[in-house]
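Trainee: Okay, predicted coordinates and the sequence, questions at the end:
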Amino acid sequence: MKRIGLIAIMAVVASAVSTAFADDSAAVRNCTWCHGTGAQGYTVAPRLAGQRPQYIMSQIRSFREHARDNPFSKQYMWGAVAALGPSTAYELANYFASIPPKPANDGDSSLASRGRTIFMDGIPEANIVSCYACHGPNAEGIRDIPRLGGLAYFYIKARLEQWGQGYHSTPGSPMPMVASHLGPQEVEALASYLSFVK
Amino acid sequence: MVGSRSVEADASSGRRDGRAVMSRSPLLLLTAVLAMALSASAHAQEGMAARGGLEAKLEYCKTCHGLQGQGYLGYFPMPRLAGQQPEYIEAQLRAFIERRRSNPVMRNVAHVLSPAMISSLANQFHHLNPPPFGGAPRGAVAMGKRIYDEGLPEANVPACSACHGAEGRGQNEIPRLAGQLYPYMVGQLTGWSKERGQGTAVDTSAIMAPTAHNLTRSQVEAVAAYVSNLQ
């Protein structure tokens, strides 16, 4: 019964996907195995739904060139994008960007208002910059600057910590400098707040 | 200082009693040297803290305004500060603090800066000289140059060059425009009086208000494209 249910779900997903992404539904399925049903994210794999297409493409490039080098990226994404041509990457990015995103809502709600203050104002006394200046008032992102609103607590927390640990992302990103000033409490507050943003 | 004064005092009394000076002077000398060394290291620490404070703050500014101060495109365009006139940077930071210039991000940024820090930051950015950020549309550059050099007499727009200089370097409180980000220039010139000259206090931004108002959108875009390419 369990297996039949799973197969049924996969069939539904596959058919939904094949209509929206007529060219190559297998390409989408290869992403959603890990990135979750409807690309809403699953455990360590972030939500792709509603993400900025230019950001998705920049990250695919970054994985392919081995610039984004945290352990999960190395383990999963370097291989996953190795055979992805630029036109498929472009189509996938636009496809996932068009799916309405759902917030993860998995942060600590008691930290959300502190997180919002840091997101909007930064902490100028501690040289912590405002996230809002680049990621937008509702953490929606713009161009190749990612949407953060509604991403999972675990994912945001891990990314902010990884910059401090010396892992890289897109070349030229100011994020290593930004994250180097964040302490564990600020990271938890930000990740909590962002997980609730619609 | 205290140490050196007591050495002098002892040296004058030493003329009456040479032996006392002979036996006490190594200790006094040591005290004096120690005092000088301590005050020197205290000065050095103060200097290092001030420099560390400035360097950390400079890095903080550059996180948004570009690693070389060349500007950056976030959700909002962050203006180029490199080569900017220090008087202009100082005036704008004060305007953010006093809310004569409304900006939700910069108000918070500026209100923790001491006057000394503001001067130091302004001076640091003035001495940076990266190439322009670029990215402006090319089509209207010639029209922009004409407006910049000659103004639009029929629309009561004076030549930009009259105040901002032939090469757009600015002077004193008049800002450098050379290399400024195209979307920032367009945003400022089209929204001049919504952001600047707020409240009742006298503000030099009033000088620019009629000119910004008299430029059409396409003229603004032309001037912005022209200055954004100036070195």
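Mentor: Great, that's in hand.
Trainee: How is the chain partitioned into domains?
Mentor: In the absence of a named chain, this looks at chain A. A:2-97, A:109-196 (automatic domain parsing).
Trainee: sorry, should have said chain B
Mentor: According to automatic domain parsing, the ranges for chain B are B:2-51, B:66-229.
Trainee: TSV please, covering these and showing distance to chain A and mean pLDDT.
Mentor: Every residue, glycine included, has its C-beta placed from N, CA and C. Listed next are the domains of chain B as TSV, based on distance: least, C-beta to the nearest C-beta, whole Å; pLDDT from 0 to 100:
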stretch	distance to chain A	mean pLDDT
domain B:2-51	14	48
domain B:66-229	3	96
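Trainee: among the ones you listed, which is nearest residue A:84?
Mentor: Set against residue A:84 and scored by C-beta to C-beta, those come closest in domain B:66-229, at 26.9 Å.
Trainee: The closest one spans what distance, first to last residue?
Mentor: Taking C-alpha to C-alpha, to the nearest Å, domain B:66-229 runs 17 Å from one end to the other.
Trainee: Equivalent analysis for stretch B:122-131, please.
Mentor: 19 Å.
Trainee: Also stretch A:106-117?
Mentor: So stretch A:106-117: terminal residues 19 Å apart, C-alpha to C-alpha.
Trainee: chain center to that stretch, what's the gap?
Mentor: Chain-centre distance of stretch A:106-117: 19 Å, with C-alpha atoms, centre = their mean, to the nearest Å.
Trainee: circling back: please identify the most buried of the domains of chain A.
Mentor: domain A:109-196 (a mean of 19; mean count of other C-beta atoms under 10 Å in any protein chain shown).
Trainee: first vs last residue of it, how far apart are they?
Mentor: Start-to-end span of domain A:109-196 (C-alpha to C-alpha) is 8 Å.
Trainee: And the helices in chain A?
Mentor: For chain A, helices defined by DSSP state H occupy the ranges A:2-20, A:25-35, A:53-64, A:71-72, A:78-80, A:86-97, A:112-121, A:132-135, A:153-164, A:175-179, A:184-196.
Trainee: To residue B:77, which of these lies closest?
Mentor: Closest among the helices of chain A, once you apply C-beta to C-beta, is helix A:132-135, at 10.2 Å.
Trainee: which ones are touching the residue positioned nearest the centre of chain B?
Mentor: The residue lying closest to the centre of chain B (C-alpha atoms, centre = their mean) is residue B:122, at 1.8 Å. When contacts are counted by C-beta atoms under 8 Å, 6 or more residues apart in numbering or on different chains, residue B:122 is found next to B:84, B:86, B:87, B:89, B:90, B:93.
Trainee: got it, and residue B:220?
Mentor: B:185, B:186, B:189, B:190, B:212.
Trainee: Tabulate these (CSV), appending secondary structure.
Mentor: Conversion of the contacts of residue B:220 to CSV gives the following (DSSP: H, G, I helix; E, B strand; the rest coil):
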residue, secondary structure
B:185, helix
B:186, helix
B:189, helix
B:190, helix
B:212, helix
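Trainee: For those residues, give me a markdown table that also has neighbour count.
Mentor: Output for these, formatted as a markdown table (neighbours: other C-beta atoms under 10 Å in any protein chain shown):
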| residue | neighbour count |
| --- | --- |
| B:185 | 23 |
| B:186 | 19 |
| B:189 | 19 |
| B:190 | 16 |
| B:212 | 17 |
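Trainee: Residues of chain A that sit close to chain B?
Mentor: A:120-122, A:124-125, A:127, A:129-130, A:132-137, A:141-143, A:145, A:174, A:177-178, A:181 (C-beta under 8 Å from any C-beta of the partner chain).
Trainee: gap between the residue in chain A that chain B sits nearest to and residue A:141?
Mentor: Going by C-beta to the nearest C-beta, chain B is nearest to residue A:134 of chain A, at 3.2 Å. From residue A:134 across to residue A:141, the span is 9 Å (C-beta to C-beta, to the nearest Å).
Trainee: which neighbours do these two share?
Mentor: In contact with both residue A:134 and residue A:141: residue B:75, using C-beta under 8 Å, 6+ apart.
Trainee: okay, the residue nearest the centre of chain A: pLDDT?
Mentor: Taking C-alpha atoms, centre = their mean, the centroid of chain A lies closest to residue A:46, which sits 4.3 Å from it. On the pLDDT scale, residue A:46 is placed at 97.
Trainee: which residues touch stretch B:204-214?
Mentor: B:91, B:95, B:100-101, B:152, B:155-158, B:173, B:188-190, B:192-193, B:196-197, B:220.
Trainee: distance between the ends of it?
Mentor: Stretch B:204-214 end-to-end distance (C-alpha to C-alpha) = 18 Å.
Trainee: Mind listing what's buried along that stretch?
Mentor: Using 16 or more other C-beta atoms under 10 Å in any protein chain shown as the test for burial, stretch B:204-214 gives B:205, B:208, B:211, B:212.
Trainee: before we move on, the earlier item: identify whichever of the domains of chain A lies nearest to residue B:168.
Mentor: Using C-beta to C-beta, those put domain A:109-196 closest to residue B:168, at 25.5 Å.
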